[in-house]
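# Have a look at this prediction, sequence included:
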Amino acid sequence: MFLGTFSPRLDDKNRLVLPAKWRSAFDGGIVMTRGQERCVFAFPRAAFESLVDELAGAPLTNKDARDYARMLLAGAQDEVPDKQGRVTVAPLLREYAGLSKELAVLGVGRRLEIWDAAAWQDLQATGEQAFSERSTEILPGVL
């Protein structure tokens with residue numbers, strides 16, 4: 001499970017160094033793709049394959065499912081981190097998420113989210129109030 005927030009930088013070759021505590025989870029590879037709210041989602045390869053299997057279960061006649069799968073999969077890149085835990089973030093994903101050198105890498109359960117640091121700060125500033133004032137259940141009976 002991925003938890004916490006880290007503040008790495010993209011190097012001159014547009015590589016991200018994965019936080020040391022999470023590197024072993026990506027020994028089998030990492031898949032990065034478009035995330036929602038203009039971030040990059042990063043999954044261990046096996047977790048991404050499970051997600052693809054779930055998407056494959058949606059009927060081809062469901063336009064929402066086709067559209068979601070198209071955006072998620074067409075923007076995906078997979079690779080194996082090098083010995084220093086570095087992975088290259090593809091130009092398409094850097095542009096999509098507006099990534100600069102300064103990043104915020106969030107552990108959000110089964111995936112990482114990679115944000116431009118300024119965009120993450122902006123989202124936190126607006127989302128913090130909504131989080132604090134939430135009065136409806138997100139997961140009925142749980143939260």
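Here it is on my side, so go on.

# So what does Phe43 have for phi and psi?
phi -120, psi 150 (degrees, to the nearest 10).

# Quick check: which ranges of the chain have low pLDDT?
Scanning the chain with the threshold set as pLDDT under 70 gives 135, 139-143.

# So which residues of it form helices?
45-56, 63-74, 91-97, 117-133 (DSSP state H).

# what distance separates the first one from the centre of its chain?
Right, the one you point to is helix 45-56. With CA atoms, centre = their mean, to the nearest Å as the basis, helix 45-56 stands 14 Å off its chain's centre.

# Figure out which of the helices of the chain is closest to Val105.
Counting by CB to CB, Val105 lies closest to helix 117-133 out of the helices of the chain; the figure is 9.3 Å. To be clear about C-beta, it is placed using only N, CA and C from the backbone, and glycine gets the same treatment.

# elements contacting the closest one?
Applying 3 or more CB pairs under 8 Å, 6 or more residues apart in numbering; DSSP states H and E, one finds that helix 117-133 makes contact with strand 103-109.

# What residues of the strand it packs on count as buried?
103-107 (16 or more other CB atoms under 10 Å).
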